[in-house]
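Chemist: Sequence and computational prediction follow.
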Amino acid sequence: MSRQRKPIAPAPEINTSSAPGAVQLALSYINPTPQSAWGTYLAQIDRVVPYLAELARWVETLRHPKRALIVDIPIEMDDGTVRHFEGYRVQHNLSRGPGKGGVRFHPQVTLEEVMALAAWMTIKNAAVNLPFGGAKGGIRVDPSLLSMKELERLTRRYTSEIGIIIGPQQDIPAPDVNTNAQVMAWIMDTYSMNTHSTATGVVTGKPVNLGGSLGRNKATGRGVFITGREAARKIGLDLEGARVAVQGFGNVGSAAAEMMAGAGARIVAIQDQTGTIANAAGLDMSRLMAAIRGGASLREFAGNNGGAEAIADEDFWNVDCDILIPAALEGQIDKGRAERIRAKLVLEGANGPTLPEADTVFASRGITVVPDVICNAGGVTVSYFEWVQDFSSYFWTEDEINVRLDKILIDALRKIWDHAETHRIELRTAAFAIACERILTARNLRGLYP
């Protein structure tokens, strides 16, 4: 039986200034727009301020990253030339613990994007109640154009440059877009060499043989599935036979799709950087995964398998589906796409895929959105498990990890859902309200130094 959501209540007005007429200056080193990553994050903070009560006096803490490091990364290429790459590491907030967040290698990475991703990590860790702050890193590079040796030199030089602010108790990187366990191994080794120790806890998402955790590789996708399953139950949607569309078919999207298919759902459309394929009756996931692991693109799979049809990329947003999983990059769903999406449930596998204007459309159309800060928190949760295991040198079984992961995410989502129903607000605002209360309470208790 479907549970009817109460109408969304208008947000009460509140004065967030510390004194009458006080003016807070914007950051001088970026110029965000309403559609940019940092602009999206700021709008999300604006929406939650009315629910922070007396803690709102600290809200500017959330609009100002604690530390932003920009580094030059010169490396010698295989042909003997020297190239320079631009790298970043941003620590947004450390009030609740050391920084935690991934490192992405992508040619469009910017300081503003990394700032927003670090900020969302702050919110995400607090929403799930992990003892971490938020951080993120990135390098402006297309790793597909580098040899393995060039990629290793790039990673090691980047690690040496940001080594002054990372560490097992300071800031712990992890994999993100275009980085993996091997990159984490290089970071761990470089940091260990520079500190004359074996510091396994400096990164998570490492190979298991170097102190990595079982279950980490599919943890983010598993989190999308677990929170999606619980949300589907809440709105009366049966996963058996449900139609699922997935944007982004990397580590997160593919794992979530496999688990959804395992629960009886039909994957009716998939999109990645190589193209978009669809089949209203459901794609053959076992054949598709085998083809992808063999190096085939989505379009190549569609050309060789009956029933899988290649469609225009923009047509992805028109596909008839019950569940949409945006698991690519931020800023994918604008107002226009939100008006066309036919899903009942949106599961944000990516960070920041939905623009604020699209959130408004989804709310008006009665589409439930499970926000990124809880939906894709499976990865950082198992990263926390890995960090704990490294410190204790005692490692858990994969079954133990999955049971603990499921409990943490289910408990967190239920708390957020109850908060949303009590205050008649969207799940994103409820998640931010709970997270910001935890962050700003910690800030208030710690006070300002000096």
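Modeler: Received it, and whenever you're ready, just let me know what you need.
Chemist: Nearest residue to the middle of the chain?
Modeler: N351 (3.7 Å; C-alpha atoms, centre = their mean).
Chemist: Okay, that one and R104: tell me how far apart.
Modeler: Between N351 and R104 the computed distance is 10 Å (C-beta to C-beta, to the nearest Å). The C-beta positions use only the backbone N, C-alpha and C, and glycine is treated the same way.
Chemist: In the protein, where is pLDDT below threshold?
Modeler: Scanning the chain for pLDDT under 70 picks out 1-25, 305-306.
Chemist: hmm, 50 instead?
Modeler: Under the criterion pLDDT under 50, the flagged ranges of the chain are 1-5, 7, 9-22.
Chemist: Next SSE downstream of the lengthiest helix in it?
Modeler: Taking DSSP state H as the criterion, the chain has its longest helix at helix 398-423. Scanning forward in sequence from helix 398-423 by DSSP states H and E, the next helix or strand is helix 427-446.
Chemist: Buried residues of that following helix, list them for me.
Modeler: Neighbour-count burial for helix 427-446 flags 427-440, 442-443 (criterion: 16 or more other C-beta atoms under 10 Å).
Chemist: and what of stretch 177-190?
Modeler: Buried-residue list, stretch 177-190, by 16+ other C-beta under 10 Å: 177-179, 181, 183-190.
Chemist: Using PDB, list the CA coordinates for that stretch.
Modeler: Taking Å, rounded to 0.1, in the frame of the first residue of the first chain, the C-alpha atoms of stretch 177-190 are listed here in PDB:
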ATOM      1  CA  VAL A 177      36.100   9.100 -10.900                       C
ATOM      2  CA  ASN A 178      38.900   7.400 -12.900                       C
ATOM      3  CA  THR A 179      40.900   6.300  -9.800                       C
ATOM      4  CA  ASN A 180      41.000   2.900  -8.300                       C
ATOM      5  CA  ALA A 181      42.700   0.500  -5.800                       C
ATOM      6  CA  GLN A 182      46.100   0.700  -7.700                       C
ATOM      7  CA  VAL A 183      46.100   4.500  -7.500                       C
ATOM      8  CA  MET A 184      45.400   4.300  -3.800                       C
ATOM      9  CA  ALA A 185      48.300   1.800  -3.400                       C
ATOM     10  CA  TRP A 186      50.600   4.400  -5.100                       C
ATOM     11  CA  ILE A 187      49.400   7.100  -2.800                       C
ATOM     12  CA  MET A 188      49.800   4.900   0.300                       C
ATOM     13  CA  ASP A 189      53.300   3.900  -0.700                       C
ATOM     14  CA  THR A 190      54.400   7.500  -1.500                       C
END
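Chemist: Distance from that stretch to the middle of the chain?
Modeler: Offset of stretch 177-190 from its chain centre (C-alpha atoms, centre = their mean, to the nearest Å): 18 Å.
Chemist: so G221 touches A256, yeah?
Modeler: Yes: using C-beta atoms under 8 Å, G221 makes contact with A256 at a distance of 4.2 Å.
Chemist: ok now do F301, which residues does it touch?
Modeler: Applying C-beta atoms under 8 Å, 6 or more residues apart in numbering to F301 gives the contacts 277, 287-288, 291-292, 308.
Chemist: ignore the last one, I172
Modeler: Contacts for I172 (C-beta under 8 Å, 6+ apart) come out as 98-100, 132, 135, 166, 201-204, 383, 387.
Chemist: any idea which of these is the one closest to A261?
Modeler: S383 (25.8 Å; C-beta to C-beta).
Chemist: so that closest one is in which element?
Modeler: Taking DSSP H and E as the definition, S383 sits inside helix 378-392.
Chemist: Looking at G221 and A256, which is more packed in?
Modeler: Remark: of G221 and A256, A256 carries more neighbours, 32 against 26, as counted by other C-beta atoms under 10 Å.
Chemist: Surely that one touches P326?
Modeler: No: in terms of C-beta under 8 Å, A256 does not count as a neighbour of P326; the distance is 10.8 Å.
Chemist: Please settle this for me: is V71 part of a strand?
Modeler: Yes: secondary structure of V71 (DSSP: H, G, I helix; E, B strand; the rest coil): part of a strand.
Chemist: Spell out, range by range, the helices that occur in the stretch 251-400 of the chain.
Modeler: Ranges of helices in the stretch 251-400 of the chain, per DSSP state H, counting those that start in this stretch, are 251-262, 285-293, 298-304, 335-340, 356-365, 372-375, 378-392, 398-423.
Chemist: can you redo these as JSON lines with distance to H92?
Modeler: Below are the helices of the stretch 251-400 of the chain laid out as JSON lines (distance: least, C-beta to C-beta, whole Å):
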{"stretch": "helix 251-262", "distance to H92": "21"}
{"stretch": "helix 285-293", "distance to H92": "34"}
{"stretch": "helix 298-304", "distance to H92": "35"}
{"stretch": "helix 335-340", "distance to H92": "27"}
{"stretch": "helix 356-365", "distance to H92": "19"}
{"stretch": "helix 372-375", "distance to H92": "13"}
{"stretch": "helix 378-392", "distance to H92": "14"}
{"stretch": "helix 398-423", "distance to H92": "20"}
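Chemist: Show me the one of those that comes nearest L52.
Modeler: L52 lies closest to helix 398-423 among these, at 12.1 Å (C-beta to C-beta).
Chemist: Overlap in contacts, N351 and R104.
Modeler: Taking C-beta under 8 Å, 6+ apart as the contact rule, N351 and R104 both touch L117.
Chemist: re the thing from before, and the helices of the stretch 251-400 of the chain, which is most packed in?
Modeler: A comparison of those by mean neighbour count, using mean count of other C-beta atoms under 10 Å, puts helix 372-375 on top with a mean of 29.
Chemist: which residues make contact with it from outside it?
Modeler: For helix 372-375, contacts defined as C-beta under 8 Å, 6+ apart pick out 120, 123-124, 127-128, 223-224, 227-228, 347-353, 409, 412-413, 416, 427-428, 431-432, 435.
Chemist: Next one: the residue nearest to the centre of the chain from G275, what distance?
Modeler: Taking C-beta to C-beta, one finds N351 at 23 Å from G275.
Chemist: ranges for the strands of the stretch 101-250 of the chain?
Modeler: Taking DSSP state E, counting those that start in this stretch to define them, one finds strands in the stretch 101-250 of the chain at 133-139, 171-175, 243-247.
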